[in-house]
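Participant: Here's my sequence, what's the structure:
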Amino acid sequence: MGTNLRIIVVTSPSGGDGSLELRLQSKGYQVVTLDNPPSVMGLIYSDPPDVVLIDLATPDQTLLGIIHSLKDDFFFSTIPVIGMIPEWAAEGFDWEEYPLDDFVTTPLSYRDLFTRIVLSLRRLRRVFDNNPLTRLPGNTSIQRAIEHAVGKPMGVCYVDINHFKQYNDVYGFAHGDEVIRMVARIIANAVKEAGEGFAGHIGGDDFVFIVPLEQAEAVSERIIANFTAVVSELFNEEEKARGFYVAHDRKGNEERVPLMGVAISIVPMDSPKIGHYAKVAEVAAELKKMAKKSHRSCYVMDRRK
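Facilitator: Next up is the predicted model:
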């Protein structure tokens, strides 16, 4: 993970004997050591690193200014800043004044330091990837999970909510967001009950889950059943009795919109025609069109040979 990642080490003018830089380089990191704190921000602005390590053996206003400059900047605030603090000072350290992302104590345990660096980078990757509304993994993780499933007896299942846009238009974004969160919970719980799998949120009303192929239909049925049970609470008795609600198109024409359902397309990953990520999306799009024709919750599995 360390290959090609850049770390800036900020030390005092008298600090450091070069061993830290050498140990980091031995892990594949590109390292720049700066012992002139006033120059640090200039370098970061011109060439942002992936991690900043800052020696706080003798914290002062200059070092504090560097940390705040990073954390107060919307662009640079995501760069993990790890403080190196004397062990004796850690317990009483002022964490409010120094908004660090993590810390290690000195004398350094390089094993702990390397672990903290890796964890900081992974945490950052999750923050960027996870969908802020549902907290489910986003597109980078989804692509990685699908690529990992290629050639295996797994089912990649795309989920789409029927008539979600009209619901959003009629009932408002706040209600629409609650539907999205509800579907995310239903999918995540169904996958957990399967005992093995992955759930992700592509964006909007599109989701993906991956489970062993032999369980794909059962998990899909569970998702449909739970969604059907919950979605009925979103409509009044009259709407439920007639099976539609009234919306208006862009020209103001009244239209009868069926109650929401979910369309699930199941792509077997051990099919010889599934060789890469793009093909999975292509097959899923074909199946999705078929599933959405019914206007009711259903799933469609690709059984073509």
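Participant: Regarding this structure, what is its longest helix?
Facilitator: helix 173-194 (DSSP state H).
Participant: Can you list the neighbours in contact with that one?
Facilitator: 131, 133-136, 159, 161, 164, 167-168, 197-199, 201, 204-205, 207, 209-212, 215, 218-219, 222-223, 226-227, 230-231, 234, 260, 262 (CB atoms under 8 Å, 6 or more residues apart in numbering). All C-beta atoms are positioned from the backbone trio N, CA, C, and that covers glycine.
Participant: go with 6 Å
Facilitator: Here helix 173-194 makes contact (CB atoms under 6 Å, 6 or more residues apart in numbering) with 133-134, 136, 168, 197, 199, 207, 209, 211, 215, 219, 222-223, 226-227, 230.
Participant: What subset of those residues is buried?
Facilitator: 134, 136, 168, 197, 199, 207, 209, 211, 215, 219, 222-223, 226-227 (16 or more other CB atoms under 10 Å).
Participant: one step back: in the longest helix of the chain, which residues are buried?
Facilitator: 176, 179-180, 182-184, 186-188, 190-191, 194.
Participant: C-terminal to that helix, what's the next element?
Facilitator: strand 198-203 (DSSP states H and E).
Participant: that older thread, ok, which pair from the buried ones among the contacts of helix 173-194 is furthest apart?
Facilitator: Using CB to CB, the pair of those lying farthest apart is Asn168 and Gln215, separated by 31.6 Å.
Participant: Flag the shaky bits of the chain, pLDDT-wise.
Facilitator: 1-3, 14-16, 74 (pLDDT under 70).
Participant: residue boundaries of the strands in it?
Facilitator: Listed in chain order, the strands of the chain (DSSP state E) span 6-10, 30-34, 51-55, 81-86, 102-106, 154-162, 198-203, 206-212, 244-248, 254-258, 261-268, 298-301.
Participant: a markdown table for those, including distance to Gly42?
Facilitator: A markdown table is the format used below for the strands of the chain (distance: least, CB to CB, whole Å):
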| stretch | distance to Gly42 |
| --- | --- |
| strand 6-10 | 12 |
| strand 30-34 | 10 |
| strand 51-55 | 14 |
| strand 81-86 | 17 |
| strand 102-106 | 24 |
| strand 154-162 | 47 |
| strand 198-203 | 37 |
| strand 206-212 | 43 |
| strand 244-248 | 56 |
| strand 254-258 | 57 |
| strand 261-268 | 50 |
| strand 298-301 | 57 |
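Participant: for those strands, which one sits closest to Tyr45?
Facilitator: strand 6-10 (11.8 Å).
Participant: Would you mark the buried spots in the closest one?
Facilitator: 7-10.
Participant: next one: stretch 265-281
Facilitator: Quick answer for stretch 265-281 (16+ other CB under 10 Å): 265-269, 271, 274, 277, 280-281.
Participant: can you name the two of these that are farthest apart?
Facilitator: Ile266 and Tyr277 (16.4 Å).
Participant: Distance to Phe244 added to the buried ones among the contacts of helix 173-194, as JSON lines?
Facilitator: Formatted as JSON lines, the buried ones among the contacts of helix 173-194 follow (distance: CB to CB, whole Å):
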{"residue": "Thr134", "distance to Phe244": "27"}
{"residue": "Leu136", "distance to Phe244": "30"}
{"residue": "Asn168", "distance to Phe244": "16"}
{"residue": "Gly197", "distance to Phe244": "34"}
{"residue": "Ala199", "distance to Phe244": "30"}
{"residue": "Phe207", "distance to Phe244": "24"}
{"residue": "Phe209", "distance to Phe244": "28"}
{"residue": "Val211", "distance to Phe244": "32"}
{"residue": "Gln215", "distance to Phe244": "33"}
{"residue": "Val219", "distance to Phe244": "28"}
{"residue": "Arg222", "distance to Phe244": "26"}
{"residue": "Ile223", "distance to Phe244": "23"}
{"residue": "Asn226", "distance to Phe244": "22"}
{"residue": "Phe227", "distance to Phe244": "17"}
